[in-house]
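In: 3D model of this:
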Amino acid sequence: MTSGHRITVEQGAEHVRAVHQGQVVAESRRPLVLRETGCPPRYYLPPEDVRTELLTPSDTHTHCPFKGDASYWSLPGATDAVWAYPDPKPEVADIKDHLCFYETEVVR
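Out: As a prediction, this is how the structure comes out:
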């Protein structure tokens, strides 16, 4: 990690869901919460809590110097709405293969 940049991953207890066009695409009570300097908290959901049959693999890949290389999936009408790190850096190894959505809500 560079000076002043931090990433933490912890087991969350929040009930989170991702809804797209009125349809629940993912819902989990066991998200991993990733907190990164300068970014909002992100919820990484286990694949078994995601309706992966609704996801279409994308050709998009991005590189984060702190987390590694991300792969993306699209939802109908929402390109690259979901991403995961198939081989994350050791510091964030827990997020391996967990899926993260741009639009996630915490259910209260």
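
In: Look at residue 8 and say how many residues are nearby.
Out: A count of nearby residues for residue 8, using other Cβ atoms under 10 Å, gives 12. Where C-beta positions appear, they are placed from N, C-alpha and C, glycine not excepted.

In: Which pLDDT value belongs to it?
Out: Per-residue pLDDT puts residue 8 at 95.

In: tell me the contacts of it?
Out: Neighbour list for residue 8: 34-35 [criterion: Cβ atoms under 8 Å, 6 or more residues apart in numbering].

In: Please name the bridge partners of the nearest residue to residue 45 once chain neighbours are set aside.
Out: Using Cβ to Cβ, 6 or more residues apart in numbering and skipping the chain neighbours, the partner closest in space to residue 45 is residue 28 (4.5 Å). Under DSSP bridges, the beta-bridge partners of residue 28 are residue 16.

In: didn't residue 28 look like it was pressed against residue 44?
Out: No - shown here, residue 28 and residue 44 do not form a contact pair, counting by Cβ atoms under 8 Å, at 9.3 Å.

In: Neighbour count: these two, which is higher?
Out: residue 44 (26 against 22).
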